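1. fold the following, please.
(3 chains)
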Amino acid sequence: MADSPDLTDLLGRPALEVAPRLLGAVVAHGGVAVRLTEVEAYDGAEDPGSHAYRGRTDRNAVMFGPAAHLYVYFTYGMHHCCNVVTGPEGQASAVLLRAGEVVSGLPVARRRRPAATKDRDLARGPARLCRALDIDAAQDGTALVGGAVTLTLPDRFVPEGHVRTGPRVGLRGAPDRPWRFWVADEPTVSSYRPARPRNRGTGR
DNA sequence: ATACAGATTGCCT
DNA sequence: GGCAATCTGTATG
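-> Purely as a prediction, here's the structure:
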């Protein structure tokens, strides 16, 4: 179904529906293109783990806006991660781009990610992906249609049999739903890493 | 105003 | 496998 992949197909649809359809899509910016192999859905209205769960702020404002725009956030004091806003407007639904394979601009991507010893690690992880694509706060709110960052859907969606799903872990109060989607047998998919509990509360 | 946790990553042993 | 880096949003006094 949905044999005519187009960005307009994404408009107004919940993130959980859009996420698997973004697998195989190509994101391009700054001379590098990445084919998405892992994404994660967020829904501001129902997801306690979403940045938009507690309402609109300066930081998450883009999530509440129209679909097909890029929501970029800064985290851990050093990393950027980017999402595709899926709409409908006001719902704050978005899909986090977690990992992908660099399909164009390999030399440029390698230069931006000196820590990556293998090409498969260039965009293996949400912050790494942004780094490889040179996406930061300057791209927050960028339109994915006619903007500097382009999103091209694949000729055909990744077959259902090749799509893997899994529940997120480490989010309190989050229902067990398949939030995460990735392409089976892809070396660029980020390995699952449980949240690190903070055990250092000695106050000194 | 102050404290802590976070949609992470890279370097340490 | 474990933890430091480093800044913002959110909770609490």
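2. for chain A, what helix or strand is lowest in average pLDDT?
-> Lowest mean confidence among the helices and strands of chain A (mean pLDDT, DSSP states H and E): strand A:163-166, at a mean of 91.
3. partner strands of it, with direction?
-> strand A:180-183 (antiparallel) (DSSP bridges).
4. touching DNA strand B at all, the partner strand?
-> No. Applying Cβ under 7 Å from any atom of the strand, one finds strand A:180-183 separated from DNA strand B by no less than 10.3 Å. (Each C-beta comes from the backbone N, C-alpha and C, glycine too.)
5. picking up where we left off before, for the least confident helix or strand of chain A, buried residues please.
-> Neighbour-count burial for strand A:163-166 flags A:163-164 (criterion: 16 or more other Cβ atoms under 10 Å).
6. can you give me how far that strand is from the chain middle?
-> Remark: strand A:163-166 is offset 15 Å from the chain centroid, using Cα atoms, centre = their mean, to the nearest Å.
7. also stretch A:89-102?
-> Worked out by Cα atoms, centre = their mean, stretch A:89-102 lies 4 Å from the chain centre.
8. now do the buried residues in that stretch.
-> In stretch A:89-102, counting by 16+ other Cβ under 10 Å, buried: A:91-102.
9. just the mean pLDDT for stretch A:52-61, thanks.
-> The average of the pLDDT scores along stretch A:52-61 is 94.
10. for it, list the C-alpha coordinates in CSV.
-> Taking C-alpha atoms only, stretch A:52-61 is exported to CSV below (Å, rounded to 0.1, in the frame of the first residue of the first chain):
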residue,chain,number,x,y,z
ALA,A,52,6.5,18.5,23.9
TYR,A,53,4.8,16.5,26.6
ARG,A,54,4.7,19.4,29.0
GLY,A,55,3.6,22.0,26.5
ARG,A,56,5.2,24.4,24.1
THR,A,57,8.4,26.1,24.9
ASP,A,58,11.0,28.1,22.9
ARG,A,59,13.0,25.0,22.4
ASN,A,60,10.2,22.7,21.1
ALA,A,61,8.1,25.3,19.3
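11. ok, residues contacting it?
-> A:42, A:44, A:47, A:51, A:63-64, A:71, A:73, A:92, A:94, A:141 (Cβ atoms under 8 Å, 6 or more residues apart in numbering).
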